[in-house]
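Peer 1: I'd like to go over a predicted model; first the sequence, then the structure.
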Amino acid sequence: MLNIALVGAGLMGRQHLGAIARSPRARLSVLVDPSGDAEALATEAGAAWAGTLDAVDPARADAAIIASPTPLHAAHAAPFIAAGKPVLIEKPLADSRAAAQDLLDAEARGARILLGFHRRHGGAAALATELLRSGTLGQPVAAEASCWLCKPDDYFDTAWRVGPGGGPIAINLVHDLDLFCSWFGPPARVSAMAGAAVRGLGVEDTATVQLAFRSGLLATFTVSDAIAAPWSYELTAGENPAYPQTGEGSYRIGGTLGALELPSGRFWSHVGARSWWAPMEMQELDVPDGDPLDRQFEHFCDVIEGKTAPKVTAADGWTNLALLDAIRASLEEHRAVEVDA
């Protein structure tokens, strides 16, 4: 039984706590969080509790999950990495590329770092990866993602959600950007526009992003947390029971041999000749089910046991931060910006 240290008992920390509890391969050994109810959570899970990381001996854990506030990720991961323990760090990797540098350097020296972009472990991601790898779509040419959702007014009562980094680009779009980079390779150039016409807060409520990949594929993203609509990954994938599933699609990938809608798994291709005059057929492909957080944790157990390498790395997290920096620069400078990834 693997002993897991969990740092952070906030929203995502509790999600990880559930994944640990559901796994037959691991147990929570210690929960680190200064909040008032963290000790009760630890007791309920049969684990030790510590208010600060200074009270924890990293050598007594087999691995750690870092789900503390983003600016603390690097500092909280450091003692476990120094002790040679694998770490699962909740996304984003850090609050800046400068803050992430130590993690990137540690990975280069052999540290096993898994970044918590859990959608990579979902069924829709697995289906797209397989179809792209097999050549079923032909050459990928273009892709688009819609992230349209409606956050309630009281969501913005929390101060940090109305300032820089609190909008849907940094909170929601980062997941879509990571998946597209996992499928299509390194990003090359980005152009973005954003607005706050609905709420008028100090952060965007709507944005569009055009992204060119080094492979030549072109992608378009639209994101808004002010639209009453069924087209976002959360509402279409059915991977998180907290969100009502709509059965719609939110991603489309177009290739020279066919086009795929996700997470629905609808695949379109021509019958006979590749021509706009030829009829097309649609297949409903099977999308593997299962909770991506549970799949992610089982993958982490494999990483801990030395059975596989991390699927999402610190280098992937660095690319995501570089892409966010380029989007910010494009918004500020009103031009297309090269991605320094």
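Peer 2: Structure received.

Peer 1: just name the shakiest helix or strand of the protein by mean pLDDT.
Peer 2: Least confident helix or strand, the chain: helix 233-237 with a mean of 90, by mean pLDDT, DSSP states H and E.

Peer 1: residue ranges of the helices in the stretch 51-200 of the chain, please?
Peer 2: 73-82, 97-108, 123-134, 168, 174-184 (DSSP state H, counting those that start in this stretch).

Peer 1: out of those helices, which is closest to Phe300?
Peer 2: helix 73-82 (13.0 Å; Cβ to Cβ). All C-beta atoms are positioned from the backbone trio N, CA, C, and that covers glycine.

Peer 1: now do the least confident helix or strand of the chain: everything it contacts.
Peer 2: Contacts of helix 233-237 from elsewhere in the structure, counted by Cβ atoms under 8 Å, 6 or more residues apart in numbering, are 119, 122, 124, 145, 147, 149, 175-176, 230, 240, 243-251, 262-264.

Peer 1: just the element for the residue in the chain sticking out farthest from the centre, please.
Peer 2: Using Cα atoms, centre = their mean, the residue of the chain lying farthest from its centre is Trp277. It sits 39.3 Å away. Counting by DSSP states H and E, there is no helix or strand that carries Trp277.

Peer 1: need the buried ones from the contacts of helix 233-237 selected in ChimeraX.
Peer 2: The ChimeraX command for the buried members of the contacts of helix 233-237 (criterion: 16 or more other Cβ atoms under 10 Å) is given here:
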select :119,122,124,145,147,149,175,176,230,240,246,249,250,251,262,263,264
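
Peer 1: quick one on the thing from earlier: and the residue farthest from the centre of the chain, how far from Ser269?
Peer 2: Using Cβ to Cβ, to the nearest Å, one obtains 15 Å as the distance from Trp277 to Ser269.

Peer 1: cool, and Asp286?
Peer 2: Applying Cβ to Cβ, one obtains 17 Å for the distance of Asp286 from Ser269.

Peer 1: which ones are touching the most centrally placed residue in the chain?
Peer 2: Most central residue of the chain, judged by C-alpha distance to the mean C-alpha position with Cα atoms, centre = their mean, is Phe117 at 3.0 Å. Contacts were defined as Cβ under 8 Å, 6+ apart; by that measure Phe117 touches Lys91, His175, Asp178, Leu179, Val312, Asp316, Asn320.

Peer 1: swap in Ala82?
Peer 2: With contacts defined as Cβ under 8 Å, 6+ apart, Ala82 is in contact with Pro58.

Peer 1: check what pLDDT it gets.
Peer 2: Per-residue confidence for Ala82 comes out at a pLDDT of 97.

Peer 1: cool, and Pro244?
Peer 2: The predicted local distance difference test score for Pro244 is 89.

Peer 1: pull out the buried positions in stretch 56-67.
Peer 2: By neighbour count, and taking 16+ other Cβ under 10 Å as the criterion, the buried residues in stretch 56-67 are Val56, Pro58, Ala61, Asp62, Ala63, Ala64, Ile65, Ile66, Ala67.

Peer 1: quick one: the second one and Ala78 touch, right?
Peer 2: No - Pro58 lies out of contact with Ala78 (Cβ atoms under 8 Å); the separation is 9.4 Å.

Peer 1: mind naming the longest helix for the chain?
Peer 2: Within the chain, and with DSSP state H defining each element, the longest helix by residue count is helix 314-333.

Peer 1: tell me which helix or strand comes right after that one.
Peer 2: Moving toward the C-terminus from helix 314-333, the first helix or strand encountered (DSSP H and E) is strand 337-338.

Peer 1: quick one: strands adjacent to that next one?
Peer 2: On the basis of DSSP bridges, the sheet neighbours of strand 337-338 come out as strand 187-195 (antiparallel).

Peer 1: can you name the next helix or strand after the partner strand?
Peer 2: strand 206-213.
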